[in-house]
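**Student:** give me a model of this one.
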Amino acid sequence: MRLFLVGFMGSGKSHTGRALAELMGMPFIDLDDYVTARAGMPITKIFAQHSEGYFRELEREVLLSLATLPMFVMATGGGTPCYHRLIEELNRIGTTVFLDVAVELLLERLRPEAAHRPLLASATDLRQAIASKLAERRGCYEKAQLRVRIDNRTTDVARLVYDHLLRSSPT
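**Tutor:** Next up is the predicted model:
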């Protein structure tokens with residue numbers, strides 16, 4: 001099984017992915033880690049020295065090379081499924097899960113690190129920037145095969161996804 005977690009930055013894809021991979025006994029892949037390793041620099045520098053377009057192409061190449069592995073849980077980048085029609089490819093080769101986090105919770109999570117997020121660093125109204133970018137991407141995210149709505153900090157998202165996958169898998 002190939003499991004792809006999609007959703008906005010700060011939605012908990014990496015945190016949930018690690019816990020879910022452990023529950024499922026599968027390897028965990030954080031796509032951002034592999035992209036920065038391939039580029040030899042952090043994402044903020046990739047955006048600054050090249051462009052978002054360059055980053056998205058590199059991200060796509062890395063993702064497709066990793067997607068040949070037989071089983072894993074992958075935390076994709078926030079924009080990954082929305083470029084190059086990747087959500088359709090991810091749906092074809094694996095199972096996609098949209099971590100749908102409330103804007104207020106995203107704001108709480110992203111405020112301390114906004115300066116290190118290329119798409120938020122220059123925002124004068126962080127809440128508006130998050131809401132606007134999320135609205136722009138929502139249609140893409142909603143093409144995922146499973147959606148988990150997250151409205152609070154205490155939800156064990158990995159367990160919710162795991163339980164759903166157990167209920168929906170053929171016996």
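**Student:** how about the helices in this structure?
**Tutor:** Assigned by DSSP state H, the chain shows helices spanning 13-24, 31-39, 43-49, 52-66, 86-93, 103-110, 126-141, 157-168.
**Student:** out of the ones you listed, which is the most enclosed?
**Tutor:** Greatest average neighbour count among the helices of the chain goes to helix 13-24 (a mean of 20), per mean count of other C-beta atoms under 10 Å. Heads up, the C-betas are built off the backbone N, CA and C, glycines and all.
**Student:** and that helix with helix 157-168, angle?
**Tutor:** With axes from the mean of the first three to the mean of the last three C-alpha atoms, to 10 degrees as the basis, helix 13-24 and helix 157-168 are set at 50 degrees to each other.
**Student:** restricting to C-alpha, output helix 13-24 in PDB.
**Tutor:** This file holds the C-alpha atoms of helix 13-24, laid out as PDB (Å, rounded to 0.1, in the frame of the first residue of the first chain):
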ATOM      1  CA  LYS A  13       1.000  15.600   7.600                       C
ATOM      2  CA  SER A  14       4.500  14.800   8.900                       C
ATOM      3  CA  HIS A  15       3.500  14.200  12.500                       C
ATOM      4  CA  THR A  16       0.500  12.100  11.500                       C
ATOM      5  CA  GLY A  17       2.500  10.300   8.800                       C
ATOM      6  CA  ARG A  18       5.200   9.200  11.300                       C
ATOM      7  CA  ALA A  19       2.600   7.900  13.700                       C
ATOM      8  CA  LEU A  20       0.500   6.200  11.000                       C
ATOM      9  CA  ALA A  21       3.600   4.500   9.500                       C
ATOM     10  CA  GLU A  22       4.400   3.100  12.900                       C
ATOM     11  CA  LEU A  23       0.800   1.800  13.400                       C
ATOM     12  CA  MET A  24       0.900   0.200  10.000                       C
END
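**Student:** could you give the bridge partners of Phe4?
**Tutor:** Met74, Thr96 (DSSP bridges).
**Student:** tell me the spacing between it and Asp30.
**Tutor:** Plainly put, Phe4 is 12 Å away from Asp30 if you go by C-beta to C-beta, to the nearest Å.
**Student:** so what sits against both of these two?
**Tutor:** Jointly contacting Phe4 and Asp30 under the rule C-beta atoms under 8 Å, 6 or more residues apart in numbering are Met74.
**Student:** more neighbours, those two?
**Tutor:** Phe4 (30 against 18; other C-beta atoms under 10 Å).
**Student:** correct me if wrong: that one contacts Leu90.
**Tutor:** Yes: in this structure, Phe4 is within contact of Leu90 by C-beta atoms under 8 Å, at 4.6 Å.
**Student:** which residues do the two both contact?
**Tutor:** Contact criterion C-beta under 8 Å, 6+ apart; residues shared by Phe4 and Leu90: Thr76, Pro81, Thr96.
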